[in-house]
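1. Predicted model and sequence follow; I will ask about them next.
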Amino acid sequence: MTQSLTLALETSCDETSAAVVANGRTILANIISSQVPTHQKFGGVVPEIASRKHIENVIPVIEQALSEAGTTLADIDAIGVTYGPGLVGALLVGVATAKTLAFALNKPLIGVNHLEGHIFANFLAHKELQPPFVALVVSGGHTSLIHLKDYNELVLLGQTRDDAAGEAFDKIARVMNFPYPGGPHIDNAAKQGNPQAIAFPRAFAVQEGENKFAFSFSGLKSAVLNYLNSAKQREETVSIPDVAASFQAAVVDVLVMKTIMAAEQVGVDQIVLAGGVAANSSLQTEMTARTTERGFKLFYPPAVLCTDNAAMIACRAYYQYLAKDFADLHLNAVPSLKL
Ligand code: KG4
Ligand code: ZN
């Protein structure tokens, strides 16, 4: 069988990444140039700086990916690129580069939804995985439950109506003086803490008529910030590990319960985790325990494929390539692209 090579670019936020993937499922190269050290001193991603860094990094990252994959542009069959959601200036660097390559090489151009890319990271990590399944996408920008009926048939079941789970992790971590991005630091601190120490609220309930698979994390975020601020005012010392563990438990409880409820409702026996927060150790442990006892098969990617990378975009692009879902040279960045 001749192999089909996809070159993909990912520049939606603060990682400049290029990857070469064979037949959609085998990573030949996945180069990720992280801008985290650049943004760390500002406590978060500065969009204008991110765009400039992408411009500097995008060509070297593509060259490195081709060289590591042992291939050249002439052998690439399709060019995939994230065109949203994300920061507009950051996305535009990837989109303009991909359009230029597709035009110069006369190869198909494929616009990929970043969220869908996160889900498809699982197809790279688990060769046996096939649709259908329910996916929980938890990242810095998104908390969504998606029913993937087939490779190109995705149905949104619910999403957050305010903060994303990763955003809550990062904002709370910032108040605790952890560096950006704070999620992994909370994860670590929580290992020494008691998850039952503080009863933070869990937003399970939804209002009458509201989608029961909707999420809300702003109330929890405020509760944790109030707890920390009032302790500071009263000059009381708080146990950072206990706050981290109790906050994390509140997030994980809701994520696990709603994901299982969604899988039961749509009638699938497989559950998939995706996005940066899928790397959270407590989410993985709790989800494993509670899905196993109910007979579900659980999949999640290794940490490097949970956070932003171009290999997941190449995988998603490959299945769009098979479906001839091509973009033309009018492809534009769509910062608030929906599923
Ligand atoms: O998917 P991603 O790289 O970027 C977006 O598309 O947003 O996710 C980044 C998010 C950040 O909020 C980061 O704090 C969070 O994922 N994250 C974690 C962990 N590792 C990354 N959150 C909790 N625990 C972790 N171990
Ligand atoms: Zn992402």
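-> Everything's here; your move. Ligands and ions are numbered 1, 2, ... in the order given.

2. Any stretches of this structure with poor pLDDT?
-> Judged by pLDDT under 70, the chain has its weakly predicted residues at 1, 205-209.

3. if you set the cut-off to 80 instead, what comes out?
-> Across the chain, residues meeting the criterion (pLDDT under 80) sit at 1, 205-210.

4. Chain neighbours aside, what residue packs nearest to the residue sitting nearest the centre point of it?
-> By Cα atoms, centre = their mean, the chain has its centre lying nearest to Gly275, at 2.5 Å. Nearest residue to Gly275, sequence neighbours excluded (Cβ to Cβ, 6 or more residues apart in numbering): Ser139, at 3.3 Å. Heads up, the C-betas are built off the backbone N, CA and C, glycines and all.

5. Would you agree the one you found is in contact with Gly276?
-> Yes: counting by Cβ atoms under 8 Å, Ser139 does reach Gly276; the two are 4.8 Å apart.

6. okay, and the common contacts of these two?
-> Both Ser139 and Gly276 are contacted by Gly166, under the criterion Cβ atoms under 8 Å, 6 or more residues apart in numbering.

7. And the strands in the stretch 1-150 of the chain?
-> Under the criterion DSSP state E, counting those that start in this stretch, strands of the stretch 1-150 of the chain are mapped to 5-10, 15-22, 26-34, 78-84, 109-113, 133-138, 143-150.

8. which residues does Val252 contact?
-> The neighbourhood of Val252, defined by Cβ under 8 Å, 6+ apart, consists of 280, 282-283, 286-287.

9. Just to be sure, it is in a helix?
-> Yes: per DSSP: H, G, I helix; E, B strand; the rest coil, Val252 lies within a helix segment.

10. Going forward, the N-terminal residue is numbered 341.
-> Shifting the count to begin at 341 puts that one at Val592.

11. picking up where we left off before, Phe509 is nearest to which of the strands of the stretch 341-490 of the chain?
-> Between Phe509 and the strands of the stretch 341-490 of the chain, the shortest separation by Cβ to Cβ is 9.5 Å, and it involves strand 473-478.

12. Does that closest one pack against any helices or strands, and if so which?
-> Using 3 or more Cβ pairs under 8 Å, 6 or more residues apart in numbering; DSSP states H and E as the contact definition, the elements that strand 473-478 packs against are helix 454-465, strand 483-490, helix 580-606, strand 610-614.

13. What strands line up against it, and which way round?
-> In the sheet, strand 473-478 lines up against strand 483-490 (antiparallel), strand 610-614 (parallel) (DSSP bridges).

14. Now do the phi/psi pair for the closest residue to ligand 2 within the stretch 441-590 of the chain.
-> The stretch 441-590 of the chain approaches ligand 2 most closely through Ser479 (4.4 Å), counting by Cβ to the ion. Dihedral pair for Ser479: phi -140, psi -170, per degrees, to the nearest 10.

15. Need the strands of the stretch 341-490 of the chain in a markdown table (columns: mean neighbour count).
-> What follows is those, written out as a markdown table (neighbours: other Cβ atoms under 10 Å):
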| stretch | mean neighbour count |
| --- | --- |
| strand 345-350 | 29 |
| strand 355-362 | 28 |
| strand 366-374 | 19 |
| strand 418-424 | 27 |
| strand 449-453 | 25 |
| strand 473-478 | 28 |
| strand 483-490 | 22 |
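
16. Let's have these in CSV, adding distance to Thr437.
-> As requested, those are arranged in CSV below (distance: least, Cβ to Cβ, whole Å):
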stretch, distance to Thr437
strand 345-350, 6
strand 355-362, 9
strand 366-374, 14
strand 418-424, 8
strand 449-453, 11
strand 473-478, 25
strand 483-490, 27
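
17. How about the residues of the stretch 391-540 of the chain by ligand 2?
-> Ser479 (Cβ under 5 Å from the ion).

18. what sits against the closest residue to Asp503 other than its chain neighbours?
-> When the adjacent residues along the chain are set aside, Asp503 lies closest to Phe557, with 4.3 Å between them (Cβ to Cβ, 6+ apart). In this structure, Phe557 makes contact with 483, 500, 502-505, 507-508, 543, 591, judged by Cβ under 8 Å, 6+ apart.

19. Next step: these restricted to helices.
-> For the contacts of Phe557, the ones inside helices are 505, 507-508, 591, with DSSP state H as the criterion.

20. so which of these comes closest to ligand 1?
-> Within the ones in helices among the contacts of Phe557, the smallest distance to ligand 1 is 6.3 Å, found for Glu507 (Cβ to the nearest ligand atom).

21. The closest one and Val591: what is the separation?
-> When Cβ to Cβ, to the nearest Å is the yardstick, Glu507 and Val591 sit 11 Å from each other.
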